[in-house]
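Enquirer: Sharing a model prediction with you, sequence too.
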Amino acid sequence: MLFTQVGSVQFAVSASPDTVYVGQQVSYEASLSVRELPRPRFLTPPVYTPSDIQGVEVYTFPFDSARSIRRVTMDSVRFTRYTYRSAIFPLTSGVVFIPPATLTYTLLDEADPYASRSTTVHGASQRVVVLPLPMQERPADFSGAVGQFTITAAADSQGLRTGNAFDFRVTVTGAGDIALLQPP
């Protein structure tokens, strides 16, 4: 992850892994790190603009305070890091270029409370090599879903009797395009 730093604000992007199969998930993260002391004074909240990526399907995860905000220390300086996450699914083999994402923010000038400074920073572009799916040993019922999936099932066994209804729950978790999985 390569950081672009302007004063008390850092911006970085990363995509991993950098080599995948068609349909395999690439995890894309864009992180805004803000120095805690002295904390910069934003006139407006920073605006993250994701890359417009061609030849892929993109799922953007919701920004939530539990997973998306962390305190980190870099070179003995404390930062609050805000991370935006996406899952990228390449649709064809070849090379996918992820253009730079941008972050725009406006800070109040500490010396003059009536002045402000607007800044736009760009994350580094990313490159992902996409391999075709292997044909050998492909299951006959392969639906196109590529990833790591786990399936669990549980039945509500409290007070089970013949002929009575019960709850049966199936849960699928993992990393991959779940829309391509066949229902159990």
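Expert: Structure received. In this text, all values refer to a predicted model and were calculated from it rather than measured experimentally.
Enquirer: Report the buried residues of stretch 122-129.
Expert: 123-124, 126, 128 (16 or more other Cβ atoms under 10 Å). Where you see a C-beta, it was placed from the backbone N, CA and C, and this is true even at glycine.
Enquirer: can I get these in CSV with pLDDT?
Expert: Shown next, in CSV, are those (pLDDT from 0 to 100):
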residue, pLDDT
123, 90
124, 91
126, 94
128, 96
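Enquirer: now for the lengthiest strand in the chain, which elements pack on it?
Expert: Taking DSSP state E as the criterion, the chain has its longest strand at strand 77-90. In terms of contacts (3 or more Cβ pairs under 8 Å, 6 or more residues apart in numbering; DSSP states H and E), strand 77-90 is packed against strand 26-35, strand 56-60, helix 65-68, strand 69-74, strand 94-98, strand 126-131.
Enquirer: any idea of the mean pLDDT in the shortest one?
Expert: Confidence for helix 65-68, expressed as mean pLDDT, is 84.
Enquirer: Going by neighbour count, list what's buried in that helix.
Expert: So helix 65-68, judged by 16+ other Cβ under 10 Å, has buried residues residue 68.
Enquirer: so how far is it from its chain's centroid?
Expert: Distance of helix 65-68 from the chain centroid (Cα atoms, centre = their mean, to the nearest Å) equals 12 Å.
Enquirer: can you give me the end-to-end distance of stretch 56-75?
Expert: End-to-end span of stretch 56-75 (Cα to Cα, to the nearest Å): 36 Å.
Enquirer: Likewise for stretch 33-53?
Expert: With Cα to Cα, one end of stretch 33-53 sits 24 Å from the other.
Enquirer: hmm, who's touching it?
Expert: Stretch 33-53 is contacted from outside by 3, 7-12, 30, 32, 58, 60, 71-72, 74, 77-82, 84, 86, 88, 96-108, 110, 116, using Cβ atoms under 8 Å, 6 or more residues apart in numbering.
Enquirer: So which bits of that stretch are buried?
Expert: The neighbour-count check on stretch 33-53 (16+ other Cβ under 10 Å) flags 33-35, 46, 48, 50-51, 53 as buried.
Enquirer: Kindly report the same for stretch 148-168.
Expert: In stretch 148-168, counting by 16+ other Cβ under 10 Å, buried: nothing.
Enquirer: Correct me if wrong: residue 9 contacts residue 80.
Expert: No. Checked against Cβ atoms under 8 Å, the pair residue 9 and residue 80 is beyond contact range at 10.8 Å.
Enquirer: More neighbours: the two, which one.
Expert: Using other Cβ atoms under 10 Å as the criterion, residue 9 and residue 80 rank with residue 9 on top: 20 against 14.
Enquirer: Give me the nearest residue to that one, chain neighbours excluded.
Expert: Nearest non-adjacent residue to residue 9, counting by Cβ to Cβ, 6 or more residues apart in numbering: residue 34, 5.8 Å away.
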